[in-house]
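S.K.: build the 3D model from these lines:
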Amino acid sequence: MRISVLGAGGWGTTLAIVLYLNGHHVTLWEYRKDYAKALHKTRFNKTYLPGVLIPEPIKVTHSLPEAIENKHMIVMAVPTQFIRGVMEQVRKIDYADATFVSVSKGIEKGSLYTVTQIIKDELEGIDESNIGVLSGPSHAEEVSKKIPTAVVAASSDPNTTDQIQAAFMTSYFRVYSSDDVLGVELGGALKNVMAIGAGMVEGAGFGDNTKALIMTRGIAEISRLGVALGAKKETFSGLSGMGDLVVTCMSKHSRNRFVGEQLGKGLTLEQVMKNMKMVAEGVETCRGVVALAEEADVETPIVDAVYRVLYENHDPVKATYELLTRDIEMEH
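M.R.: Below is the predicted model:
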């Protein structure tokens, strides 16, 4: 297939290589003209995926029409808060019957939309069956080294899900299928907020017991909110729920965990973000999750605690103990 990946960050670059090695004709789009030229010339993404060679046949471009026109599949690897701006340009280009696949994990501020909802909102008349999502526990740093990984693809149309599976599946990158698009997206987005919480308790000097608390009660919150919004409960015990939560809360590669860890050590959000080159989706997503939970009338104490630390300068240690001293209740 002719496939374009929009967004030349670490994940976009990694997936472009996966797709190329799987026999597809791949175009990688970078929004900054100078950086696109550098990627094309050096074949190394020094900022976002250092040390990984971009194969010569992968076309790197700054031209969005070149990336969009005459393609079978368009992979959206742009950070969530920038998706709409890109889609506003995409809708002016002939994207024909291309399948759009979201691999970004976040909730748009303001609209509270997931990425597939943004795509549908911006591309008037697009058939929902032409939209899908690919998500799961998959750090670019590991997938680029062909470390065994499993993710999940979802679409409202099983044929589209099959198409996504076939495009990405390799001997080291296994793709399962699902029909729960909303659940897969929410699992990927909400776990980033929990990862910030896990990082906070790490940075504040708490132990493994406390991280286990954040992770297990965190998946309970994710599941509770997801089901209230219309997702399937079983999705959150799978790859895009518990799987992604575990890897993001525990891994040194996790940007969201890093943000939380620095906050736990006493830095302000402004200080942390000033020194980061990559986007931590959970920071903005946290705002959206708080709003979604309020609309759905669902309790999310961990999300609320993370929000207070992020945006109200609340002390991470105090926030942790406040979680422990909530009213007594049953686990399930």
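S.K.: tally of neighbours for Y48?
M.R.: By other CB atoms under 10 Å, 20 other residues sit near Y48. Backbone N, C-alpha and C define where each C-beta goes, glycine included.
S.K.: was I right to think it contacts T14?
M.R.: No: contact criterion CB atoms under 8 Å: Y48 and T14 do not qualify, at 9.3 Å.
S.K.: common neighbours of those two, please.
M.R.: A140 (CB atoms under 8 Å, 6 or more residues apart in numbering).
S.K.: can you give me the strands in the stretch 51-200 of the chain?
M.R.: 59-61, 73-76, 99-102, 131-135, 149-155, 173-178 (DSSP state E, counting those that start in this stretch).
S.K.: how about G243: what's its closest non-neighbour residue?
M.R.: P137 (4.3 Å; CB to CB, 6 or more residues apart in numbering).
S.K.: which pLDDT value goes with the one you found?
M.R.: For P137, the pLDDT comes out at 97.
S.K.: wouldn't it be in contact with V246 here?
M.R.: Yes: counting by CB under 8 Å, V246 is a contact partner of P137 at 6.8 Å.
S.K.: neighbour count: the two, which is higher?
M.R.: More crowded of P137 and V246, by other CB under 10 Å: P137, with 23 against 16.
S.K.: next up, the contacts around that one.
M.R.: P137 touches 149-151, 239, 243-244, 246-248, counting by CB under 8 Å, 6+ apart.
S.K.: how about 10 Å then?
M.R.: Shown in contact with P137 (CB atoms under 10 Å, 6 or more residues apart in numbering): 149-152, 188, 191, 239-248, 250-251.
S.K.: of the residues you listed, buried ones?
M.R.: Buried members of these, counted by 16 or more other CB atoms under 10 Å: 149, 151-152, 188, 191, 239-248, 250.
S.K.: for L213, state which of these is nearest.
M.R.: Nearest to L213 among the buried ones among the contacts of P137 is L245, at 13.0 Å by CB to CB.
S.K.: against A36, how distant is the closest residue to I54 other than its chain neighbours?
M.R.: Ranked by CB to CB, 6+ apart and with sequence neighbours excluded, the top spatial neighbour of I54 is R43, at 4.5 Å. For R43, the distance to A36 equals 12 Å [CB to CB, to the nearest Å].
S.K.: cheers, nothing more for now.
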